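I'd like to go over a predicted model; first the sequence, then the structure.
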Amino acid sequence: MLAVTVCLLAACRHKAPKERVIVQDLKELQEAVTGNIADRLNYMADNKGLMEDSVQGMTTALQYFYQQHQNAPQWSDSGVASANADVMLYLVQHAMDEGLLPSQYHAAQLTAIMQTFKTSEESKKDAAQWAKMDVMLSDAFMKMATHLHFGVAPRDSITLRKDSTFTDTVLTALLQKALQQKNIAAVLGSLEPSHAGYVALKQGLLNFRKTYGSKRWNAIPENYTDTLAFKQLLLNRLVQGGFVDTSGRPGDTILLKDGIKAFQKAFNLYPDGVAGKKTREMLNRSLHDWEVQVALNLDRWRKLPDTLPKCYIMVNVPAFELEVMDSGAVALESRVIVGTPKTRTPLLNSRMANFVMYPYWRVPYSIVFKEMLPAIRKDVNYLASKNLEVIDKDGNAVDPTTIDWMQLHRGHFPYVLRQMDGEDNSLGIMKFNFMNKYSVYLHDTNNRGLFRNAFRALSHGCVRVQKWDSLAMYLIKDDTSYKNTLRDSVRTWLAMQEKKQIPVSRIPIYIRYFTAGAQDDHLLFYDDIYGEDKVLKKKIGF
């Protein structure tokens, strides 16, 4: 019985399509190609969609598409590739212009096949090659359409799109429209996000490739002992990148420093003119490394919906920046301080609920046990020095000297540590609340000097906002509950140091992770402070 079952299963599986099917008469080619397309689709269905180049095809969508055409070829006619085929091949070969990997769209196989057709008359009679080209071009279109609209990386908890792929019917309709109207590029382009940040990033990538695509540079040693030799290698690298011109000038220290500054400004590094460790690492990155970083961020943009709300708050963690967007324009921007790599600011979607003036700070238990309890055990006066009070389960303040702190631990801590309001409060003067499972919020800080730092991943996870006062005024600009006097009231309450909670219209807030952006068609790069780029690269396949 087992042997019979194995034989039946084997009989149901389709043989691999032939690699060569040469017809004697071109009149027979269309029919032979049609048969070979059917064989390929059946074989793909039996083998989880894998094609000759080990790229997984969109099997069910391809089957549905070709069923509408009785498996007839759609990218060629009687041994002649269509103009649509040339356009699609170009888009595949230049997929990196869109931040996509050409290999995911059969670039090598398609290039080789098309080249063979141009150089060999016999190959034009090869039905197997025409069929392979046809199916691969259709698959490349469908896959690129999906990736341009939904992104390559899988859907995650903060993806705002409801779907993560097109249906087979939609993909078929898109491909048929593109082929019939002979506008492959336009149809694919219409599927991309229209957000200003995405458009600017794409244009920045094109400009970046125009500037650096033809340049070649040598690596410099990240560690060195011979200072003079290193300076010469460094100068050579800066000349290769176009950051300094030594023609007619000696390679002196001033010229070298100016060149380093030019590189640092171009790549969003602090322009101190010193080739420190970070600068040396960036100098040794290849063009492809930079392109990949942009590609990852284009993919992040594709996870946003087609349209965003009229007004929303966007916090970009790696850029240490907050922007309030209103009708497509930046209404407010502010420096922010975010969580350290060990206490990350979570990525999330929420809506602003209210802001509180002169808030208490209820210390999270993670901070209590990691930082405060050990200090309190050493000296109970630590609480007073930090302006902290101890609150029991009934909400009453407790004298800390009456507590045996050595007996308290993670499993037994029936108190809350609360920092009293005022200028010394870690939350500063204002706290902005929005619903989230991480218990994080935006707030002012009592250590405002930290906003001058270039690297601002310094908090326990909450987001400290430099322009907290401007943000508050923006949030209540349209309020009518106080007969348009709320702004004046808030200013008065702040001056009098009154504790108030002000409800606000539920403006959306998005905390995101973009390590590349663009301004004035110029790319801006940010540190991958949480290592999220490394994770995303693996998911996408870079």
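Yep, that arrived.

going forward, measure contacts and count neighbours with C-alpha atoms only.
Fine.

dump the residue contacts of L486.
476, 479-480 (Cα atoms under 8 Å, 6 or more residues apart in numbering).

Dump stretch 148-162 to PDB, keeping only the CA atoms.
Extracted C-alpha coordinates of stretch 148-162, given in PDB (Å, rounded to 0.1, in the frame of the first residue of the first chain):
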ATOM      1  CA  LEU A 148       6.400  49.300  -3.500                       C
ATOM      2  CA  HIS A 149       3.000  49.500  -1.800                       C
ATOM      3  CA  PHE A 150       3.300  47.400   1.300                       C
ATOM      4  CA  GLY A 151       7.100  47.100   1.800                       C
ATOM      5  CA  VAL A 152       9.300  44.100   1.700                       C
ATOM      6  CA  ALA A 153       9.600  43.500   5.500                       C
ATOM      7  CA  PRO A 154       6.700  41.600   7.100                       C
ATOM      8  CA  ARG A 155       3.900  43.400   8.900                       C
ATOM      9  CA  ASP A 156       4.600  44.300  12.500                       C
ATOM     10  CA  SER A 157       2.800  45.700  15.500                       C
ATOM     11  CA  ILE A 158       3.000  49.300  14.500                       C
ATOM     12  CA  THR A 159       2.200  48.900  10.700                       C
ATOM     13  CA  LEU A 160      -0.700  51.100  10.000                       C
ATOM     14  CA  ARG A 161      -1.800  49.500   6.800                       C
ATOM     15  CA  LYS A 162      -4.700  47.100   7.200                       C
END
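
Need the residues that contact that stretch.
By Cα under 8 Å, 6+ apart, the list of residues contacting stretch 148-162 reads 98, 146, 163-165, 188, 191-193, 299-300, 302-305, 347-349, 536, 539-540.

same thing with stretch 167-186?
Residues outside stretch 167-186 that contact it (Cα under 8 Å, 6+ apart): 60-62, 64-65, 74, 83-84, 87-88, 91, 138, 141-142, 145, 187.

Make CSV out of the contacts of L486 and add distance to D379, pLDDT and neighbour count.
CSV is the format used below for those (distance: Cα to Cα, whole Å; pLDDT from 0 to 100; neighbours: other Cα atoms under 10 Å):
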residue, distance to D379, pLDDT, neighbour count
I476, 44, 93, 20
D479, 48, 77, 16
T480, 50, 71, 10
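
what's the longest helix in this structure?
helix 127-150 (DSSP state H).

Just the buried residues of it, please?
127-150 (16 or more other Cα atoms under 10 Å).

related to what we said a few turns ago, considering the contacts of stretch 167-186, which possesses the most neighbours?
Neighbour counts for the contacts of stretch 167-186 (other Cα atoms under 10 Å) peak at S138, which has 27 neighbours.

how much space between that one and I37?
To I37, S138 is 11 Å away according to Cα to Cα, to the nearest Å.

same check, this time on W301
Distance from W301 to I37, by Cα to Cα: 36 Å.

of these two, who's got more company?
The neighbour count for W301 versus I37, taken as other Cα under 10 Å, is higher for I37 (28 against 24).

just to revisit the earlier point, of the contacts of stretch 148-162, grab the buried ones for PyMOL.
Applying 16+ other Cα under 10 Å to the contacts of stretch 148-162, the buried members can be selected in PyMOL as follows:
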select buried, resi 98+146+164+165+188+191+192+193+299+300+302+303+304+305+348+349+536+540
